[in-house]
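# Build me a model from this:
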Amino acid sequence: MEFEQLRALRRELHRNAEPAFAEIGTAARIERAIAGLPVAVRTGKEAHDLSAVVDYPAPETLDRWEAAAVAAGTAAERARYFRENGTALVVDLAGNRPGPVWGLRVDVDALPMRESADPDHFPAAQGFAATNGAMHACGHDANATIGVGLLHRLADHDFAGSLRVLFQPAEEGVRGAQTMIDAGVADGIDRMLAIHLAGGMPAGTVIGSFTGGMATRKLKVNFDGRASHAAGAPEAGRNALLAASMSALAIMAVPRFSSADTRLNVGTLVAGDGVNIVPSSAVMTCEARATDDTVVDELVDRIRSIVAGTAAAQGVDADIAVMGQSATLAPDDELIDRVVAAATAQPSVADVIRTQTLAGSDDANLLIRHVQARGGQGAYVMVGASSPGPHHSETFDIDEEAIAIGIDTLEALIRSS
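Model (predicted):
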């Protein structure tokens, strides 16, 4: 697959951005881009287990994204398939001699936000900016393209072992990786990689692996009270909004830890029925993050205690569900050394940084840790992309040469094993 074809694929994915678990057209485009390759493809239940997902998109939401995918050129039969069976793909490619099983996670989802229409914004100027209410503001369109390009590069089978590319939905909100782990697709991998473009770093830069990062839990809390007339019988009501509000304030007041860097945030609170009704329901979302996995567990325990206490004080019921999660990352030195050697050998790479601390959270870490727990190795490769705007902003974009650099580096890494 030539670079011009890869660039066209990236722009097609960008123009038709889709959010978490609704990447219907995206999955179909990836499937079409690898058609004819000597690969084994798993989709549906064989690729991810959606049974434990909290807040999976509502049927009407999936209907809308399915219709949009068909309108944008996706075959109706494939759109319906991915709408009904989920949007993950797992693609296996065998080498021609014994060797390790390589795993590569590339994420495919976009963010639910509007892209800039400013003519100075390159995708807008070139006519491939998304206009459907989602945006690839984190480079997942390019990450997916790297996965496709690598499969094409290695289709000659001239490498040891095998490659398994995990096209993962729902990285935003750290929701998708666990579904793929639960389906067993990370089992049997010897060397687990993730790759991601770094918009804040110049093109031509490669990081052997991110390290650290923040473990996180994304929580949804439902408060169930009792409605009553706010003037005629206030004592008969049980105020779910007050319980949620008290919880929100108390969560933000939880002490920070001296042993780790921590973050707490209450993101949304939706409650009530009307101005003259004691609120019978409230739904709150919040998150805890920490640079230590044990500390994030402690933070979640404290949140659970707070919710239980405020619910009891207002006489309401409350339940907490984990919507998403991730862990910290401790990559393996031997694998980092291999990445650094492969990147250093690329003429297009100007700067190689062995490791850099990850400031955020990514559920690829769960895949890496799953492999490490079974005796394998893992690393998280970053490729500079020179974005004019920060990640998750309406002006995010990439230097498309970063796609070629990512493919070149990964190809050299796998062929050298």
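# now the helices: where do they sit in the stretch 101-250 of the chain?
Assignment of helices within the stretch 101-250 of the chain using DSSP state H, counting those that start in this stretch yields the ranges 122-126, 140-153, 177-182, 240-252.
# Return the most buried member of those helices.
Burial of the helices of the stretch 101-250 of the chain is given as mean neighbour count (mean count of other CB atoms under 10 Å); helix 140-153 ranks first at a mean of 26. For the C-beta atoms, the positions are set from N, CA and C on the backbone; glycine is no exception.
# what's the average pLDDT for that helix?
In this model, helix 140-153 carries a mean pLDDT of 98.
# one step back: out of the helices of the stretch 101-250 of the chain, nearest to Tyr56?
Evaluated over the helices of the stretch 101-250 of the chain, closeness to Tyr56 peaks at helix 177-182, with 10.0 Å, by CB to CB.
# Let me see the residues that make contact with that closest one.
47-53, 86, 88, 90, 105, 166, 168-171, 186, 325-326, 363-364, 366-367, 370 (CB atoms under 8 Å, 6 or more residues apart in numbering).
# do the same with stretch 312-325
By CB under 8 Å, 6+ apart, the residues outside stretch 312-325 that reach it are 54-55, 173-175, 178, 215-226, 238-240, 242-243, 246, 285, 303-304, 307-308, 310-311, 363, 366.
# which residues touch the residue nearest the centre of the chain?
In the chain, the C-alpha closest to the average C-alpha coordinate belongs to Glu171, at a distance of 1.0 Å (CA atoms, centre = their mean). Residues in contact with Glu171, defined by CB under 8 Å, 6+ apart, are 20, 107, 109, 140, 177, 362-364.
# likewise Phe210?
Phe210 sits next to 329, 331, 355-358, 380, 382 when contact means CB under 8 Å, 6+ apart.
# Now list the buried members of those.
Buried members of the contacts of Phe210, scored by 16 or more other CB atoms under 10 Å, are 329, 331, 355-356, 358, 380, 382.
# Could you verify my assumption that Leu93 touches Asp158?
No. The pair Leu93 / Asp158 is not scored as a contact, 11.4 Å apart, by CB atoms under 8 Å.
# Looking at these two, which one has more neighbours?
Relative neighbour count places Leu93 above the other of Leu93 and Asp158, with 22 against 10, counting by other CB atoms under 10 Å.
# In terms of secondary structure, what does whichever helix or strand that one is part of contact?
Here Leu93 sits within strand 89-94, counting by DSSP states H and E. Other helices and strands packing on strand 89-94, by 3 or more CB pairs under 8 Å, 6 or more residues apart in numbering; DSSP states H and E, are helix 24-33, strand 40-43, helix 140-153, strand 160-168.
# As TSV, those with distance to Asp261 would be great.
As requested, these are arranged in TSV below (distance: least, CB to CB, whole Å):
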stretch	distance to Asp261
helix 24-33	34
strand 40-43	38
helix 140-153	26
strand 160-168	26
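# Where do the strands of the protein begin and end?
Defined through DSSP state E, the strands belonging to the chain, from first to last, are 40-43, 89-94, 97-107, 160-168, 191-198, 205-212, 215-224, 262-271, 281-290, 317-326, 351-358, 377-384.
# Mind checking those strands for the one nearest to Arg415?
Set against Arg415 and scored by CB to CB, the strands of the chain come closest in strand 160-168, at 8.3 Å.
# what's the angle between that closest one and strand 191-198?
Taking axes from the mean of the first three to the mean of the last three CA atoms, to 10 degrees, one finds strand 160-168 and strand 191-198 inclined to each other by 50 degrees.
# what about Leu111, how many residues close to it?
Applying other CB under 10 Å, we find 22 other residues in the vicinity of Leu111.
# gap between the closest residue to it other than its chain neighbours and Glu172?
Nearest in space to Leu111, with sequence neighbours left out and distances taken as CB to CB, 6 or more residues apart in numbering, is Ala137 at 4.9 Å. When distance is defined by CB to CB, to the nearest Å, Ala137 is 9 Å away from Glu172.
# so what sits against both of these two?
Both Ala137 and Glu172 are in contact with 110-111, where contact means CB under 8 Å, 6+ apart.
# So for those two, which sits in the more crowded spot?
Between Ala137 and Glu172, counting by other CB under 10 Å, Ala137 is the more crowded of the two (28 against 21).
# ok, and the closest non-adjacent residue to Pro112?
For Pro112, the nearest residue in space outside its immediate sequence neighbours is Pro19; the separation is 4.8 Å by CB to CB, 6+ apart.
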